[in-house]
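Engineer: fold the following and give me the result.
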Amino acid sequence: MRIIKNIGILFWRVWFYLIVLGTIVPVVPILLVVTANDRMYPIFYKMAHYWGKTILFLMGFYSKVEQVTPLTPKKSYMFSANHTSMIDIMLMLAVIKNNPLVFVGKAELAKIPLFGYFFKRTSIMVDRSSAASRRKVFEEAKKRLEKGLSVCIFPEGLVPEDESVVLSDFKNGAFVLAIEHQIPIVPISFYDCKKRFSYTFFSGGPGKLRVKIHAPISTQGLEVVRDKNTLKQQVFTILYEDLLRNSD
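Structural biologist: Coordinates of the predicted model:
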């Protein structure tokens, strides 16, 4: 019985990679156009939003979103969610529709065939082992925010290797950027991604993906040196306690 289940999961996992590639390949010419110029980014993001929804649907996932406070369309925010799965990116794209965002992602993602190429063209890549790369993130984020875009950073930096960990310690980047640019930071809880599609290969399955978009936290009047750690701890506490309450 276990063998049959694992074979089913194997095909389902392979199906994920096939549909990721299969939904990108037909629109490569269009993607090359809409990712060639920053002015075209809102068009790209609209495509990315529906791409994320399509991937989740074809994998048998459906999202249930609780939003504490409506977000102002086209306003710049810093979105920060817990990071547990490869589908976190698709889910973020699917649930954030009217605030086009740019991901800050690890440089390794650029190595994924085809997906990585367009991810690199549209996101801010960071090599965490390079101080110069980390500094460049701030320069690139400033350019995107000045164009009215939002930024998404998974503040844990990496998916925790130990899947029993609720939330790993946060890096400083998201909070420094939010304070420097005086934009609200929006904590987001992804409750089910780890259960549905973790990095443990023979695990998971279709089903509900619950999301909670918490109320934005203002950074007006905050200073990086004085308030960075307090803000980081505030967001960590919101997500940690909420994830504990809603784990099953």
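
Engineer: quick one, strands of this structure?
Structural biologist: Shown for the chain, the strands assigned by DSSP state E span residues 61-67, 78-81, 101-106, 124-126, 150-152, 185-190, 207-213.

Engineer: pLDDT below threshold where in this structure?
Structural biologist: Counting by pLDDT under 70, the chain has low-confidence residues at 161-162, 248.

Engineer: from His49, how far out is the residue nearest the centre of it?
Structural biologist: Nearest to the mean C-alpha position of the chain, by CA atoms, centre = their mean, lies Ile89 at 4.2 Å. Noted for Ile89: a distance of 12 Å to His49, by CB to CB, to the nearest Å. Using the backbone N, CA and C atoms, a C-beta is placed for each residue, glycine as well.

Engineer: follow-up on the earlier one: does the residue nearest to the centre of the chain really touch Trp51, like I thought?
Structural biologist: No. In this structure Ile89 lies outside contact range of Trp51 using CB atoms under 8 Å: 10.3 Å.

Engineer: distance to Ile3 added to the strands of the chain, as TSV?
Structural biologist: Output for these, formatted as TSV (distance: least, CB to CB, whole Å):
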stretch	distance to Ile3
strand 61-67	25
strand 78-81	35
strand 101-106	35
strand 124-126	40
strand 150-152	39
strand 185-190	31
strand 207-213	22
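
Engineer: out of the ones you listed, which is closest to Gln233?
Structural biologist: strand 185-190 (12.0 Å; CB to CB).

Engineer: just to revisit the earlier point, tell me which of the strands of the chain sits nearest to Ile24.
Structural biologist: Closest approach to Ile24 among the strands of the chain (CB to CB): strand 101-106, 16.1 Å.

Engineer: in its sheet, what does that closest one sit against?
Structural biologist: Paired strands of strand 101-106, with direction, are strand 124-126 (parallel), strand 150-152 (parallel) (DSSP bridges).

Engineer: want to throw those strands into JSON lines with mean neighbour count and distance to Arg2?
Structural biologist: Listed next are those as JSON lines, based on neighbours: other CB atoms under 10 Å; distance: least, CB to CB, whole Å:
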{"stretch": "strand 124-126", "mean neighbour count": "20", "distance to Arg2": "40"}
{"stretch": "strand 150-152", "mean neighbour count": "25", "distance to Arg2": "38"}
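
Engineer: out of these, which comes closest to Phe138?
Structural biologist: strand 124-126 (9.4 Å).

Engineer: list of residues touching the closest one?
Structural biologist: Contact with strand 124-126 is made by 102-107, 109-110, 133-134, 136-137, 140-141, 144, 151, as judged by CB atoms under 8 Å, 6 or more residues apart in numbering.

Engineer: which residues touch Ser85?
Structural biologist: By CB under 8 Å, 6+ apart, the neighbours of Ser85 are 159, 190, 193-194, 196-199.

Engineer: can you do 10 Å?
Structural biologist: Residues in contact with Ser85 (CB atoms under 10 Å, 6 or more residues apart in numbering) are 91, 159, 190, 192-199, 204, 209.

Engineer: now intersect those residues with the helices, please.
Structural biologist: Here DSSP state H is the test, and the contacts of Ser85 give 91, 193-196 as lying in helices.

Engineer: how about these in CSV, adding neighbour count and distance to Val176?
Structural biologist: Output for these, formatted as CSV (neighbours: other CB atoms under 10 Å; distance: CB to CB, whole Å):
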residue, neighbour count, distance to Val176
Leu91, 26, 25
Cys193, 24, 26
Lys194, 26, 27
Lys195, 18, 32
Arg196, 23, 32
